[in-house]
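Novice: I need the structure of the sequence given here:
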Amino acid sequence: MVRYGVPLRNMATRMKIYCLPTPIFTSESMVVAQSKLPRLPVPLLNKTLETFVNANRQLVTAKELERTKKIISDFLQQGGLGQRLQEHLEERSKDRENWFAEWWLEHGYMRSRCPTALVVNPGIVLPRVSYRDRDGQIRFASKIITNLLKYKNMFDTETVPIESLKGKPMCMDQVYRVMSTCRIPGSDIDTVVTYPANRANPPQHITVAFKNHFFEVPVYDSDGNALSATAIYHQLNQVINMAPNETAAPVGILTTNNRDDWAEAYHCLIEDETNKKSLESIHRSIAMICIDHMDTPELNSDNDILTYTAEKGLHGGGSHDSSGNRWFDKTIQIIFGGSGIVASNYEHGPAEGGPVIQILDYCFQNLKTVEEPDSNTTMSVQTPALLQFNLTQKSLDHISAASNHIDSLISNIDISNWKFDGFGKTFIKNQKVSPDAFIQMAFQLAFYRMYDKPAAVYEAGSLRKYIYGRTEVIRSSTHDAFLFVSNFDKPGLSDSDRAELIRKAAISHSNYLKLTVDAKGCDRHLAGLKQAALDMGLNVPELFTDKLYSESQHYRLSTSQVPASIEGNMVFAPSCDDGYGLCYNPRADSLLIGVTAWKSCPDTDTTKFIETLHSSFMDMRSAMAKSSKSKL
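Specialist: Below is the predicted model:
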């Protein structure tokens, strides 16, 4: 077992020390590849603050900006607070391969007390398939599981192809931490455990959730070979037949609660040895496979299907639907619903969306290579085991509280999953514009048209060219983006003028993306300086209580591009009460976009946002197309 995000107690100081992920690789090729990756650098302080101001100045008034500049000037004084904090980071970087990785895991995920369900975990919409009955459901599930095990074989042999960005290899650590992985709740801080194949006694089972029961289902034979699709089909059939008629008390719904409440419930559960063994089986399993009920509401359009699938993936529908037929702490969770609905959910702590989508892409793209399960063949494999839970009244009370909590959360989330088919990335590329930049500008134009002001925008960018690299913020709401959204609709502007505004804003976006990839963005460095102050026992510096910084962190548009070969996309919740969550998969001739908002905010509305975004896309397309024709 590899455990990380773990508080290690120094007996002399009683301080908590948070460790980096334990190296997971054993093959020479992977060890060498990882060793060649550069360390995450500490950016120059003055450059970071310059980037910060330039990227966010449109969010405050001229007077407020002058105040910020004065605070920064004081912060940069020779021998001043900024220099002391910068030196702290530079010292920290000397004995760590990635000076920010521990802090990101600890404060970004493990210390967060927000529920993983709906608030932290993304849901994943997967292509709808043709099955319409229970037998078809488990036949299809068995084929996906077969491919999942084929992909796992690449994990086990450490032969997953090394990814690259512009010809430079990327860190593969998080790629290898998504299978046989689970988050475990704790008071104040959680932990994550991974059970790699290169450690003793590796897992050889999946967990199957059915009717709120959990089953340990072996998927390898006695010689360690992965079972065939036919054998897995028979295993799933046994689960269906073994399950008690009544739906179980939804132990899984405990994983939807706030982390401290879940930690309290968890510690109550593990006082019983039977419960403890059942939970350990779930923690160790390769993945969670959820076989949901077959009931499906009437779905009248493609967007209805996409939105319903997003709901199944993001939260499961509530305590009276399938939220209890989940384990939201498992990193890989694949969901098979009724009427061919297939979705996924993943716990975000160990990895970004890319590695998870990569696995799901593989499972779907290689379906034709999997044999059709034979229901007439008899199989001799280890029988699935129903995981038992002995529930006290206290545990039942915890389940009731968690059920009420997730139902309340679900009643507050507004989800619209949308396929825009007016054009796709092919058209955008033909205009010599980055598809990602174009889409980001459309998001901002739609927001400006609705609210008559710019938004702080979070777009996840990758730092994986560095060892243990995770993300940095792409600040796509640049000053040129503000000039674009604030001038695009002005009367009398020609199509060429509008197209030029788009191009300039897109170029600024692409330039900031380059800064991000090279670890020269401002957000992770600023977060490190703030944490350095806390580590040194200092008060939070004035820079981080200033209006510009607070506005820059209020992400009314929280966005991420997660490309996939399959026709699917991710969906996640907004990061603030009055914001939108926007996750998108640009395809050749269409764009798949998940849009979320909180219903408790009277100013947000996903339907209206999508309508405004649709007109923004079409107006931008028209300006670009007409401008191109005028130049011929």
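Novice: ranges for the strands of the stretch 1-150 of the chain?
Specialist: Secondary structure of the stretch 1-150 of the chain (DSSP state E, counting those that start in this stretch): strands at 2-4, 7-9, 16-18, 123-125.
Novice: what about the second one, average pLDDT?
Specialist: Going back to what we said before, that points to strand 7-9. Mean pLDDT, strand 7-9: 35.
Novice: buried ones in the helix or strand harbouring residue 626?
Specialist: Mapping residue 626 onto the secondary structure by DSSP states H and E places it in helix 606-630. For helix 606-630, burial by neighbour count (16 or more other CB atoms under 10 Å) applies to 606, 609-610, 612-613, 616-617, 619-621, 623-625, 627. The C-beta positions use only the backbone N, C-alpha and C, and glycine is treated the same way.
Novice: Grab the two from those that are most spread out in space.
Specialist: Across the buried residues of helix 606-630, the longest distance by CB to CB is 31.0 Å; it joins 606 and 627.
Novice: can you map out the helices along the stretch 251-400 of the chain?
Specialist: For the stretch 251-400 of the chain, applying DSSP state H, counting those that start in this stretch gives helices covering 259-269, 273-284, 302-314, 353-365, 393-412.
Novice: name the helices or strands packed onto the longest one?
Specialist: Packing contacts for helix 393-412, counted by 3 or more CB pairs under 8 Å, 6 or more residues apart in numbering; DSSP states H and E, involve helix 259-269.
Novice: same thing with the second one?
Specialist: Under the contact criterion of 3+ CB pairs under 8 Å, 6+ apart, helix 273-284 touches strand 181-184, strand 205-210, strand 213-218, helix 259-269.
Novice: just how off-centre is that helix within its chain?
Specialist: Relative to its parent chain, helix 273-284 has a centroid offset of 26 Å by CA atoms, centre = their mean, to the nearest Å.
Novice: So what angle separates the directions of it and strand 213-218?
Specialist: Counting by axes from the mean of the first three to the mean of the last three CA atoms, to 10 degrees, helix 273-284 lies at 60 degrees to strand 213-218.
Novice: buried stuff in helix 273-284?
Specialist: For helix 273-284, the neighbour count (16+ other CB under 10 Å) marks 275, 278-279, 281-284 as buried.
Novice: Quick check: of those, which lies closest to residue 461?
Specialist: Residue 461 lies nearest to residue 283 out of those, by CB to CB, at 31.6 Å.
Novice: what's the closest non-adjacent residue to that closest one?
Specialist: The shortest distance from residue 283 to any non-neighbouring residue, by CB to CB, 6 or more residues apart in numbering, is to residue 182 (4.2 Å).
Novice: before we move on, what about residue 231?
Specialist: Closest to residue 231 by CB to CB, 6+ apart is residue 379, at 4.8 Å.
Novice: which among the buried residues of helix 606-630 gets closest to residue 167?
Specialist: Closest to residue 167, out of all of those and judged by CB to CB, is residue 624, at 29.6 Å.
Novice: follow-up on the earlier one: so among the buried residues of helix 606-630, where is pLDDT lowest?
Specialist: Lowest pLDDT within the buried residues of helix 606-630 is found at residue 627 (87).
Novice: Hmm, residue 501 and that residue touching each other?
Specialist: No: between residue 627 and residue 501 there is no contact under CB atoms under 8 Å: 10.6 Å.
Novice: Can you show me the strands along the stretch 451-600 of the chain?
Specialist: Using DSSP E, counting those that start in this stretch, the strands found in the stretch 451-600 of the chain span residues 456-462, 471-474, 555-561, 569-571, 580-586, 591-598.
Novice: What is the fourth one packed up against?
Specialist: In this case it means strand 569-571. Contact here means 3+ CB pairs under 8 Å, 6+ apart; on that basis strand 569-571 packs against strand 123-125, helix 302-314, strand 413-420, strand 580-586, strand 591-598.
Novice: Residue 224 - nearest residue in space that isn't next to it in sequence?
Specialist: Nearest to residue 224 is residue 204, by CB to CB, 6+ apart, at 7.3 Å.
Novice: contacting residues for the one you found?
Specialist: If you count contacts by CB atoms under 8 Å, 6 or more residues apart in numbering, residue 204 has them with 218-220, 224, 286.
Novice: what's the answer for residue 178, then?
Specialist: 331-332, 346, 350-351, 355-356, 359.
Novice: same question, residue 539
Specialist: Per CB under 8 Å, 6+ apart, neighbours of residue 539: residue 533.
Novice: So what does it have for phi and psi?
Specialist: With angles defined as degrees, to the nearest 10, residue 539 sits at phi -70, psi 160.
Novice: How are the helices of the stretch 401-550 of the chain distributed by residue range?
Specialist: Counting by DSSP H, counting those that start in this stretch, the stretch 401-550 of the chain has helices at residues 425-430, 435-451, 479-487, 495-517, 523-535, 547-552.
Novice: Which strands or helices does the longest one pack on?
Specialist: Taking 3+ CB pairs under 8 Å, 6+ apart as contact, the helices and strands that helix 495-517 lies on are helix 435-451, strand 456-462, strand 471-474, helix 479-487, helix 606-630.
Novice: what about residue 162, distance to residue 484?
Specialist: Residue 162 is 37 Å from residue 484, where distance means CB to CB, to the nearest Å.
Novice: follow-up on the earlier one: in contact with the residue nearest to residue 283, which residues?
Specialist: 192-193, 282-285, 327, 329-331, 347.
Novice: Please repeat the previous calculation with a cut-off of 10 Å.
Specialist: Residues near residue 182 by CB atoms under 10 Å, 6 or more residues apart in numbering: 191-195, 207, 255, 279-280, 282-285, 288, 327, 329-332, 347, 349-350.
Novice: just residue 550 next, same as before
Specialist: By CB under 10 Å, 6+ apart, residue 550 lies in contact with 59-60, 456, 544.
Novice: Number of residues surrounding residue 271?
Specialist: The local packing of residue 271 (other CB atoms under 10 Å) involves 12 other residues.
Novice: give the contact list for it.
Specialist: With CB under 10 Å, 6+ apart, residue 271 has these contacts: 390, 392, 394-395.
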